[in-house]
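[1] mind looking at a prediction? Sequence and model below.
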Amino acid sequence: MNDRTDEFGGSAKNRSRFCRMVIDQVRAAIGPHVPISLRLSVDELVAGGNTIEDCLEYLEYLQDEVDLFDTSAGLNPTIQYQIDANYLEDGWRAYMAKAVRDRFHKPTIAIGNIRDPQVAEDILARGDADFIGLGRGLIADPEWCNKIKYGRTQQLRKCISCNVGCVGNRIGGNKPLRCTINPDLIYGEAYKNTRCPLPVTWW
């Protein structure tokens, strides 16, 4: 989409220039001791878009002041990859995090359809990423991490990546956030402490 012919277009260095300027201003504002995280679409997965190889080339001009890479994917034309469709397998983006990690030897975050905690463990064990990023999974179950930590995986309410209440409501319709499998986003599991009144029997 970048067809510019000035200092912000053309070569990889020029196409990275705006991001470089932002990073430099952030670093100047926060000083040398606060880490900077950069979220990027490692592969746009669209014809003519940036590939992993392109992304790695851009990062050569950015990585010196970046402490952590948050690796995403897709663009609006490939929205099914940007906001993962439910048919994409768990952890499918991990290879992107690995590509960045292997090149720059800095911590990376793997995100996307990571609904099964074992998939998350496998990504970390393989060294594909250093962290797992969760978004919709925590909407579906805010206690996701605690349930896994304390061995309550059978109680885990996994995101099904339907994108109805979260993406459809909040982004698509500018309506309050909802979740297909978590009907009470405000009070969570407080319903477990609620008792229904006994039915009244009429004689």
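    Perfect, I can see it now.
[2] in this structure, what helix or strand scores lowest on average pLDDT?
    Sorted by mean pLDDT, DSSP states H and E, the helices and strands of the chain end with helix 79-82, the least confident at a mean of 90.
[3] what is the helix or strand just after that one packed up against?
    Heading C-terminal from helix 79-82, the first helix or strand you meet, by DSSP states H and E, is helix 94-104. Judged by 3 or more Cβ pairs under 8 Å, 6 or more residues apart in numbering; DSSP states H and E, the packing partners of helix 94-104 are strand 37-43, helix 52-59, strand 68-73, strand 108-110, helix 117-126. C-beta coordinates here come from the backbone N, C-alpha and C atoms, glycine included.
[4] hang on, the earlier thing: helices or strands next to the least confident helix or strand of the chain in the packing?
    Checked by 3+ Cβ pairs under 8 Å, 6+ apart, helix 79-82 has strand 68-73 packed alongside it.
[5] sheet partners, orientation included, of the strand it packs on?
    Strand 68-73 has the following strand partners under DSSP bridges: strand 37-43 (parallel), strand 108-110 (parallel).
[6] what's the end-to-end length of stretch 73-86?
    Start-to-end span of stretch 73-86 (Cα to Cα, to the nearest Å) is 15 Å.
[7] other residues contacting it?
    Here stretch 73-86 makes contact (Cβ atoms under 8 Å, 6 or more residues apart in numbering) with 41-46, 49, 72, 88, 92-93, 96, 112-113, 160-163, 167.
[8] so for that stretch, what gets flagged as buried?
    Within stretch 73-86, the residues that count as buried by 16 or more other Cβ atoms under 10 Å are A73, G74, T78, Y81, Q82, I83, D84.
[9] turn those residues into TSV, columns for distance to P176.
    Output for the buried residues of stretch 73-86, formatted as TSV (distance: Cβ to Cβ, whole Å):
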residue	distance to P176
A73	27
G74	25
T78	27
Y81	26
Q82	22
I83	18
D84	22
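[10] among the residues you listed, which pair sits farthest apart?
    Spatial extent of the buried residues of stretch 73-86 (Cβ to Cβ) is set by the pair T78 and D84 at 10.9 Å.
[11] thanks a lot, catch you later.
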